[in-house]
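> Compute the structure for the input listed below.
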Amino acid sequence: SQAEWEQLLTNCSAFLFYGMERFMSHILLNRLVAMNIPKCHLMILLDLVRSKQSHQRIANSDIHKSCLHIALERPTESAMLLSLTGVRSIIANQWYTTLQENAERLEILSENLLSIARTTGQTVHSLQK
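Here you go, the predicted model:
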């Protein structure tokens, strides 16, 4: 529910979203922009995975949204909105991907951030290789 999203986002120092389609399609934008999330130092958005079912769900949802609203759910715009709410660092997919590719990214992120204790910059650089 929206209340659960808000509670999770406002009470975390790091947040990982691993899901289908666009992260911003799962929360209400008007509520997000009113939030203050300065405690969240890192947000990892492993979204933009598309299946036939998820694409249909998003298409049905997008019918009720304006073009501007849909545009605000794109990766760059999402990062800007999250930054304006107080999130300090954001690691996010830029393009649509597969479940397998996201699983590999999650493994690399986890290993680099938690096991090897690399910085977020070093970790993102390792994802680019």
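> Help me confirm that residue 29 comes into contact with residue 81.
Yes - in this structure, residue 29 is within contact of residue 81 by Cβ atoms under 8 Å, at 7.4 Å. Just so you know, the C-beta spots here come from the backbone N, C-alpha and C atoms, and that holds for glycine as well.
> Pull up the overlap in contacts between the two.
residue 72 (Cβ atoms under 8 Å, 6 or more residues apart in numbering).
> And the next helix or strand past the host helix or strand of residue 6?
Using DSSP states H and E, residue 6 falls within helix 2-10. Following helix 2-10 in sequence order, the next helix or strand is strand 14-20 (DSSP H and E).
> got the contact list for the nearest residue to residue 78 once chain neighbours are set aside?
In space, and not counting its chain neighbours, residue 78 is closest to residue 24: 4.8 Å by Cβ to Cβ, 6 or more residues apart in numbering. By Cβ under 8 Å, 6+ apart, residue 24 lies in contact with 32, 72, 73, 78, 81.
> next one: residue 113
Neighbour list for residue 113: 120, 123 [criterion: Cβ under 8 Å, 6+ apart].
> Would you mind measuring from the most centrally placed residue in the chain to residue 79?
Centroid-nearest residue in the chain, with Cα atoms, centre = their mean: residue 45, separated by 2.8 Å. As judged by Cβ to Cβ, to the nearest Å, residue 45 and residue 79 stand 8 Å apart.
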